[in-house]
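1. Sequence unavailable; structure follows:
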RNA sequence: GCGCUCGUAGCUCAGUGGAUAGAGCAAAGGUUUCCUAAACCUUAGGUCGCAGGUUCGAGUCCUGCCGGGCGCGCCA
C-alpha cells in the first residue's frame, strides 16, 4: 500500500491565513484568532468571529471588517468559497478535500518535555474495592493514557498505606476472630473486608472496644516496623486483580512503611524545620507538637496550624504525605525498588522494597494526584509545604484532580458499616447482563465470553468517565450498567458495526478499491467533520485533565456514524450503503469507515475500554 | 462562621466569551424484503436558581443573594 500523506491541520491553516490577512490590513496585534465549525444549518464549514472582536479597536462595523479580510485573505486551494455572514467570516471547503483529510492518518503528537507523576487508586490495603474507588481508578488510568498519547512522559504511581489504621484493623480482626484462610471461592480481599466490618460491629460494645483498641495499636507498631508486610501483600495482590480487570495498570507501588524506614519522613521534617514557619509551641493547644504555620499560603483559615509530629512523637498522615510529595518532585531521594508483578499487558510493575535497588522513579516536573474532593484542604496543605520549603515553583506544578464522591442508589457509602457495593460485584453483574442480552440478540456470537467481559467492564468504566469529575454522581445499577443510549456499549457497538462492514468487504475482495473523493456526498462530509475533531478532543481532555471531554466526543462520533449508517433516501431506501455503492464512491466509503473505526478504537483505548470486533 | 464546589428539559447530564442552548432516559409515533434495530428518524418538553454588573456579544467571566454537597481534628 502506498504511503499516505498525513492529515492536514485545517483550523491551524485557516488561522494562519487569517493572521496574514490581518497583517495585510496593517495590523500588528490582534486578539486570539478563533476558528470554529459553523452551527448545523448555517452556510459554510468553518468560520471566525474575529471581525467582531476587532470592531471596537478599529472603529468599524464587523461586517465591514470581515469584508476587508475577505478581500485580502490568501486561502489554500481547498477553500471553495469565503463569505461574510453577519459579523462572521465563513469558509466553505471542498467536500472532497475534507473527506479525504478525515481518511488520512493522524500524525503523532510531538513529544513533550517534563515527566508527569500521576498518582491514583491508593486504596487502603484492608478490604475489597468498592464503587467509590471506581471513579478514582477510571479517572486516573484514563488521564494517564490521554497524557501519554499527546506526548507526555507519564509515571503512574499507586500509594500503599500499609501503616494506616485501616490496614491494622483488618489484620487485627483476622486474629481476633481466629480466621485462618478464606473459604473456597471467596476472594481474599473480600474475606478480609468482612472481618473488618465485623470488627466495627464488635466495637459497638464498649468492653470489647478497649481490648480491640489495644490490639490494633500493637498491630500498628508491627506494621510500622514492616513486620507484617506479607500479610498486607496478600490483600494488595487480591485488590490488584480487580484493578487489572478494570484495565488499570501502574508503573510503581510506593509503600508508606518504606518512606518511613528509608528516612524520607525524617529528611522532610528536617528540611521543613529550617523554616521559621515550622516550630514547637511551648504552650497552648499545640504544646509539645511540631507544627507548620500555613497562613502565608492559605489565607482565611481560622486555625492555620498543621501538626506534623504529635506531642507523643508520632507523625501525622499529612507529614508522610509531604515527604512523599517531596520525593515525587525530586527534593528527596532514597527509595529502592524491585519488580513486583507482570501486569496483564506484559508491562512490569515495580514496588518499593527494603531489599530493592535505586531506580529512576520520581523526580517529576509535575504531579497529578487523583483524590476525592473531600481531601482538597489536605492536599492544599501539602502544596503549601512546598512553599514553606521555599519552592513556590514546585507548588505551582502539583495538581489535585479532585472528583466528587459517588453515592450508591442515592445514599452515602460507608466502608465501616458495609454499605457498599464492591467493584468485583459490579463487574460480574454487568457481564451477566451483557451475556443475557447477547444470548438474545446474537446467539451465534463467535466469542461470547470475551466480548461480554469487554462490554460489561466497558459499560462500568464509561459510566464513571462520562460526567465531569467535580460533579457528584449517583451510582445506580440500571443506569451504570445500561447498554443503550449514552453508554460505553453504544460506542463499542458503533465500532463493531464498522468492523463488520470491513470484514465483508475483505471477503468480497473490495479492500483495495480506489477511493474517488470527488464523489463525496453531504453524508460523508458530515461524518468526516466529526472524525476530524478527534485530535482536538484529545488535546482538550489532556489540557483540562478531564477524560469526560473525550467520552463526550466519542458519543458524538458514534452517533454521527450511526446516523450515516441509517441514512435513508426520501423514498425510504438506504442512502449510504458501503458494499453496494458505485465504484469509487464505494472505495471512498470504505476508507471513511476504516478511519472511523480506527478513531473509535483509539478513543476507546484512551478511556481504557476494549473494542470488541463482534457484538 | 470561614473556605471550596454544584444549580441547564420531568430525571441523568453535555455545552475551551461567539451564530437558533444540545444529548440520553422517561412519554407519543414511525423505520428491518437493506452492510448487526445494543441502532436510526419524528413529535413534545427550557424565565440556563434569582438579581445586578463587565462585554459588540454571557449558560459560560465578576459581585450579591437563595438552595444542595463537601471541608475547616495532636483521624486517616
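-> Perfect, thanks for sending it. Because the structure is a prediction, the values reported are computed rather than measured.
2. Can you name the residues of the stretch 51-200 of chain A that neighbour RNA strand B?
-> A:52-53, A:55-56, A:62, A:85-88, A:90, A:124, A:161, A:164-166 (CB under 7 Å from any atom of the strand). In this view, the C-beta of every residue, glycine as well, is placed from N, C-alpha and C.
3. how close does residue A:531 get to residue A:386?
-> Separation of residue A:531 from residue A:386 (CB to CB, to the nearest Å) stands at 43 Å.
4. How is chain A partitioned into domains?
-> The record's domain parsing of chain A by automatic domain parsing lists A:10-93, A:164-225.
5. Mind pulling the model confidence for residue A:3?
-> For residue A:3, the pLDDT comes out at 62.
6. Give me the secondary structure label for the nearest residue to residue A:279 once chain neighbours are set aside.
-> Distance criterion CB to CB, 6 or more residues apart in numbering; nearest residue to residue A:279, sequence neighbours excluded, is residue A:291 at 6.7 Å. State at residue A:291, reduced to three classes by DSSP: H, G, I helix; E, B strand; the rest coil: strand.
7. which residues sit in contact with residue A:291?
-> Residue A:291 makes contact with A:278, A:279, A:280, A:281, A:305, A:306, A:307, A:308 under the criterion CB atoms under 8 Å, 6 or more residues apart in numbering.
8. Put the buried members of these into a ChimeraX selection.
-> Burial among the contacts of residue A:291 is assessed by 16 or more other CB atoms under 10 Å; the matching ChimeraX selection reads:
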select /A:278,305,306,307,308
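9. among the contacts of residue A:291, which are within reach of RNA strand B?
-> Among those, RNA strand B is touched by A:305, A:307 when using CB under 7 Å from any atom of the strand.
10. Show me which of the contacts of residue A:291 is closest to RNA strand B.
-> residue A:307 (3.6 Å; CB to the nearest atom of the strand).
11. In JSON lines: the contacts of residue A:291, plus pLDDT.
-> As requested, the contacts of residue A:291 are exported to JSON lines (pLDDT from 0 to 100):
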{"residue": "A:278", "pLDDT": "96"}
{"residue": "A:279", "pLDDT": "94"}
{"residue": "A:280", "pLDDT": "94"}
{"residue": "A:281", "pLDDT": "93"}
{"residue": "A:305", "pLDDT": "93"}
{"residue": "A:306", "pLDDT": "95"}
{"residue": "A:307", "pLDDT": "96"}
{"residue": "A:308", "pLDDT": "96"}
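12. Pick out the most distant pair among the contacts of residue A:291.
-> Greatest spacing in the contacts of residue A:291, by CB to CB: A:280 and A:306 (13.3 Å).
13. residues contacting residue A:76?
-> So residue A:76 contacts A:13, A:17 (CB under 8 Å, 6+ apart).
14. That one: what secondary structure?
-> Here residue A:76 is recorded as coil under three-state DSSP.
15. just residue A:126 next, same as before
-> Under three-state DSSP, residue A:126 comes out as coil.
16. can you pull the contacts of the nearest residue to it once chain neighbours are set aside?
-> In space, and not counting its chain neighbours, residue A:126 is closest to residue A:170: 3.7 Å by CB to CB, 6+ apart. Contacts here follow CB under 8 Å, 6+ apart; on that basis residue A:170 touches A:126, A:127, A:192, A:193, A:195, A:196, A:199, A:235.
17. Let me know the helix or strand that residue A:170 is in.
-> Element membership for residue A:170, per DSSP states H and E: helix A:165-176.
18. Likewise for residue A:90?
-> Using DSSP H and E, residue A:90 falls in strand A:88-93.
19. Show me the contact partners of that strand.
-> So strand A:88-93 is in contact with A:10, A:14, A:18, A:38, A:42-52, A:66, A:69-70, A:75, A:78-84, going by CB under 8 Å, 6+ apart.
20. Which of these fall within strands?
-> Of the positions in the contacts of strand A:88-93, A:46, A:47, A:48, A:79, A:80, A:81, A:82, A:83, A:84 sit in strands, assigned by DSSP state E.
21. Now rank the residues you listed by neighbours and give me the top one.
-> residue A:47 (27 neighbours; other CB atoms under 10 Å).
22. pLDDT value on it, please?
-> We have a pLDDT of 97 for residue A:47.
23. Could you give the bridge partners of it?
-> For residue A:47, the beta-bridge partners are residue A:36, residue A:90 (DSSP bridges).
24. who's in contact with it?
-> A:35, A:36, A:37, A:38, A:85, A:88, A:89, A:90, A:91.
25. Report the residue spans of the stretch 401-550 of chain A with pLDDT below the cut-off.
-> Applying pLDDT under 70 to the stretch 401-550 of chain A flags residues A:418.
26. Show me what from it comes close to RNA strand B.
-> A:404-405, A:412, A:434, A:437-438, A:441-442, A:451, A:455, A:466-468, A:470-474, A:479, A:482-486, A:489-490, A:493, A:496-497, A:499-501, A:504, A:540, A:546, A:548-549.
27. Can you list which of these are found in helices?
-> Using DSSP state H, A:434, A:437-438, A:441, A:451, A:455, A:479, A:489-490, A:493, A:496-497, A:499-501, A:504, A:540, A:548-549 are the members of those that sit in helices.
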